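Novice: have a look; sequence and predicted model below, questions after that.
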Amino acid sequence: MKYVGESLQRVDSYKKVTGSATFVSDVKLARMLYAQVKRSPYPHAKILNIDISEAVKLPGVKCVITGEDYKKRGGLYLEDRNFLAVGTAKYCGEAVAAVAAETLDIAEAAVELIKVDYEELPAVTNAIDGMKPDAPLIHPDLGSYKVIPIFFPQPGTNISHHYKLRKGDVDSAFSTADFVTEHSFFIPHIQHVPIEPHAAIALYESDGRMTVWASCQSPYAVRQALSASFDIPLNKIRVISQAVGGGFGSKAGTTLEGIVIPLAKRCQGRPVKLVYTREDEFENAYVRQGLHATIKTGIRKDGKIVALKNRFIWDGGAYTEYGVNIVKAAGYASPGPYDVDNIWTDSYCVYTNHPVGGPYRGFGMCEIHFAIEQNIDIVAKETSISEVEIRRINGLRKGGITGQGEKMIVSGYHDCLETVLKEIEYDKPCVNTSPVKLRGKGIAACWKAPSMPTDVASSAIIRMNEDGTFFLMVSAMDIGQGSDTVLTQIAAEVLDVPPENITIRTGDTDHTPYEWQTVASRTTYCAGNAVKLAAEDLKSKVIELAQIKMCAYKRELEFQNGFVVNKMHPENRVPIQTFALGLTLPDGSGVGGPAIGVGTFVVPNNMNADKYTGMGEHPVAFWTIGFNGAEVEVDTETGLIKVLKMVSCFDPGKVINPLTYQGQVEGAMVQAMGTVLWEELKLKDGHILNKNFVDYKIATAYDIPELIVKVAENAELTGPYGARGIGEPVMVPGAPAIANAVANAIGCRFTRMPITPDDVLNALKGKNKK
Amino acid sequence: MKYKVSFFVNEEPVELYVPANMTLLYVLRDMLNLTGAKDGCSAGECGACTVIMDGKPVNGCLVLAPELDGKHITTVEGLSKNGKLSPLQEAFIAHAALQCGFCTPGFLMTATALLDEDPHPTREQIMKGISGNLCRCTGYKSIIEAIEDVASHYEGGKRI
């Protein structure tokens, strides 16, 4: 192959190094108004009265709205959410009113003038407490909410979804096991921390058209949500997403767009802009849900895991319209990449008065694998079988059966395991450089499937220009992961033209074709397939015409280097642009018309799993499997953990671009390291205590370890050139690999992340007492 | 109360009346329409707004506009000359030392100032030197390597 598999420079890099890439916060429109939001200071409170009379009087204020003005609920999977609180505020920081004004200063001053009377209500600040029968109800009307019927809310409780996976006979299997052991883990809330805070602008024009500029991963999903919430027909609402400054899931749903639209509706002809502050970003964008996980494992003396019983309790926050699907994904992936015959999993999504939980890179997998992969190491220790052997024995092989009962057609588990063991030199003991600084190595596996409805669609359009260059149009968004580059490479490969002859255009629902969402590590696979089909469609149409021009059969012709070439007689060739506007016949008549290729894609034979057992024939598009290895040094005097080295080996099916692949993997390892060492949204009685970068530390350049990136390519049969998705999976095993390395270094197990210096010192104290 | 300030941005003279509470970042973004410097936190913690002021990298969000009188400011828009990218810009492209691109202008400015001060820093010095700039996408390795590449192949702005 000529372009697929090559380290092409990113097609978006020139504009990004010159500062000319336009993010929503950079957009300035004539007569623009600025929005600000009044937020609840309480985690749970009844709104008794909102007095906006003083705010509207302030010169420069154009309009003030409250939840009472827009009562319609919305949501992706469960319609439980209002963009502005209606009746009660359900988390600290929830929007209760919003202002549009001539300047940001005026908008801020107006917000101060809005007076809200609250009656504080008892708050749920722990998911386990929230499940108790006497817990305060956060959504008393849950029974009346519209829900996609693959989710099961339990009205009268705070449980918005109870997912069940039931495979085999768990109770009998436990009775045959030689060892039965149970362990619990806790993963707190963290935040995505895209460096670009969320931003949106809405403009409502007199002809009833609404245009929204949104920093979003999924313009079509945003369009759908806004259309439904505000009763705007889809042909009257246009969502434009330009450069997106990192998403990691936080820009997958609809957040602040729902605030600027109602403001814009009342300020016809005036664009209304809202940009989140960093504090807003921590509090009012999505956060990663918290998780309490318990895993019971039944294992035989020979190392075979015979039964698993999992209980996942998710802290979904105040609204779980998106979060219910994370709970489902975690449920069906609950055994991890292991071939286990008997599985019983309950995964509960629980409302709390915490910030809204939503999709975060990995979609539940980072959280559950922190438990699953530490559990494997713990079980290994308890049964005196090595943690490597347990993985070799139970890891999913080609032909193995997943937790949902699907046969694995391809699996890179063992290839990745052996590569990581070799790269981290797992069999060689660590050499300590000081008696108080102890080193250890750890490994962890992971798997992830795109958690998306089975029938979601992608499309692409490619147009040839008169000079043989192309415009490729998709609505998959490059949020940094490199999709613009990879999709261009796929089109270039099919058309056999240099990638620089193809300009990709994305993110405009009036002009670029439908894409469900840029999430789930599905873009290279789904949008990639659509692009490949579009390019093939164009090629086929051009060759149809070339038959006439070149007096040859279609089967004899192909695209080569910008020419249609007769394969048997390569000297017989015609530049592709000859057919850009169709073909002109000798008599002057034209046939064919402009060369446009269309590609549409849905995952073939992807069917819903059984609602009650989770079992299915082909319930997910594909599984991406891989491993991380880590070496750490723990300072036993200060408790500080230094990660020295991380190794990644995944099975991406086919790497379309090694340069961008490496970037995704390195970034993911460092992000994972940050989560296990430092990151936690500190919540006290529903209030976030660390809404800034001083108190919420993410990794800096000074913290990074040596990073090694390897691949084991086993082609995905339905993937474009064999590729499957990797952006999220590559983050998943980092945290448990480091936790396992820490345990191996100092002999203490940490079942909660992050592993802080205090935790380390306390654990060492406890160990020395014994 | 507005203050009159005269200063240079990317070698061009600028004269403005600025409010006392406005920051350099918003002078650039709102008054001069130079949006390359980004607002990631408004608190000097993320480095996305880094520009060079009189040879030193500064957080644009922490410099008050009235302080600008007589200063020389370089922004990312001033790095390339007549369409020719600077060696660091070239290296960021070659190493794919960017993903979403929001932090990239800040990194380029910090790195430019770093190499202006010491054209041949060690890897450790580079890691420390850019640790005030946050990136959530790349994991930093490609950024460090792009800077190292320039440090080892350039002398006085010329490729060696």
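Specialist: That came in fine, so what should we check first?
Novice: the residue in chain A that chain B sits nearest to sits in which helix or strand?
Specialist: When you check chain A against chain B by C-beta to the nearest C-beta, the closest residue turns out to be A:Gly19, at 2.4 Å. For every residue, glycine as well, the C-beta is placed using N, CA and C. In the assignment (DSSP states H and E), A:Gly19 maps to no helix and no strand.
Novice: how is chain B partitioned into domains?
Specialist: Structural domains of chain B, as assigned by automatic domain parsing, span the residue ranges B:2-78, B:87-159.
Novice: low-confidence ranges, chain A, go.
Specialist: Along chain A, the parts satisfying pLDDT under 70 run over A:770.
Novice: where is the longest helix in it?
Specialist: Assignment by DSSP state H gives helix A:528-550 as the longest helix of chain A.
Novice: the following helix or strand past it pairs with which strands, parallel or anti?
Specialist: Next helix or strand after helix A:528-550 toward the C-terminus (DSSP H and E): strand A:557-560. Taking DSSP bridges as the criterion, strand A:557-560 sits next to strand A:563-566 (antiparallel) in its sheet.
Novice: quick check, central residue of chain B?
Specialist: The centre of chain B sits closest to B:Met109, judged by C-alpha atoms, centre = their mean, with a distance of 2.3 Å.
Novice: so what's it closest to, chain neighbours aside?
Specialist: The shortest distance from B:Met109 to any residue that is not its chain neighbour, by C-beta to C-beta, 6 or more residues apart in numbering or on different chains, is 4.4 Å, and that residue is B:Thr50.
Novice: what sits against that neighbour?
Specialist: B:Thr50 is in contact with B:37, B:57-60, B:105-107, B:109-110, B:132-133, counting by C-beta atoms under 8 Å, 6 or more residues apart in numbering or on different chains.
Novice: so it bridges to which residues?
Specialist: Beta-bridge partners, per DSSP bridges, of B:Thr50: B:Asn59.
Novice: kindly report the residues of the stretch 451-600 of chain A close to chain B.
Specialist: By C-beta under 8 Å from any C-beta of the partner chain, the residues of the stretch 451-600 of chain A that approach chain B are A:479-482.
Novice: swap the cut-off to 6 Å and go again
Specialist: With C-beta under 6 Å from any C-beta of the partner chain as the criterion, the stretch 451-600 of chain A comes near chain B at residues A:Gly480.
Novice: swap in chain A?
Specialist: Near chain B, when you scan chain A using C-beta under 6 Å from any C-beta, you find A:9-10, A:13, A:16-19, A:21, A:26, A:193, A:195-196, A:245-246, A:278, A:480, A:659, A:663, A:666-667, A:670, A:693, A:700-702, A:704, A:707.
Novice: now the buried members of those.
Specialist: When burial is judged by neighbour count using 16 or more other C-beta atoms under 10 Å in any protein chain shown, the buried members of the residues of chain A next to chain B are A:9-10, A:13, A:16-19, A:21, A:26, A:193, A:195-196, A:245-246, A:278, A:480, A:659, A:663, A:666-667, A:670, A:693, A:700-701, A:704, A:707.
Novice: which SSE is A:Lys46 in?
Specialist: Assigned by DSSP H and E, A:Lys46 falls within strand A:45-51.
Novice: swap in A:Ala200?
Specialist: Take DSSP H and E as the rule and A:Ala200 turns out to sit in strand A:199-204.
Novice: packing partners of that strand?
Specialist: Using 3 or more C-beta pairs under 6 Å, 6 or more residues apart in numbering or on different chains; DSSP states H and E as the contact definition, the elements that strand A:199-204 packs against are strand A:210-214, helix A:257-266, strand A:272-275.
Novice: thinking again about what came up before, and the residues of chain A next to chain B, which of them are in strands?
Specialist: Counting by DSSP state E, the residues of chain A next to chain B place A:Leu707 in strands.
Novice: those residues of chain B touching chain A, which are they?
Specialist: In this structure, chain B approaches chain A at residues B:35-36, B:40-41, B:45-46, B:48, B:76-77, B:80, B:89, B:92-93, B:96, B:98-105, B:127-128, B:130-131, B:136-142, judged by C-beta under 6 Å from any C-beta.
Novice: are any of the residues you listed buried, and which?
Specialist: Applying 16+ other C-beta under 10 Å to these flags B:35-36, B:40-41, B:45-46, B:48, B:76-77, B:80, B:89, B:92-93, B:96, B:98-105, B:127, B:130-131, B:136-142 as buried.
Novice: just to be sure, which of the residues you listed are found in strands?
Specialist: Checking those against strands, none of them qualifies (DSSP E).
Novice: run me through the strand neighbours of the worst-scoring helix or strand of chain B on mean pLDDT, direction for each.
Specialist: Ranking every helix and strand in chain B by mean pLDDT, DSSP states H and E puts strand B:158-159 at the bottom, with a mean of 81. If you go by DSSP bridges, strand B:158-159 pairs up with strand B:154-155 (antiparallel).
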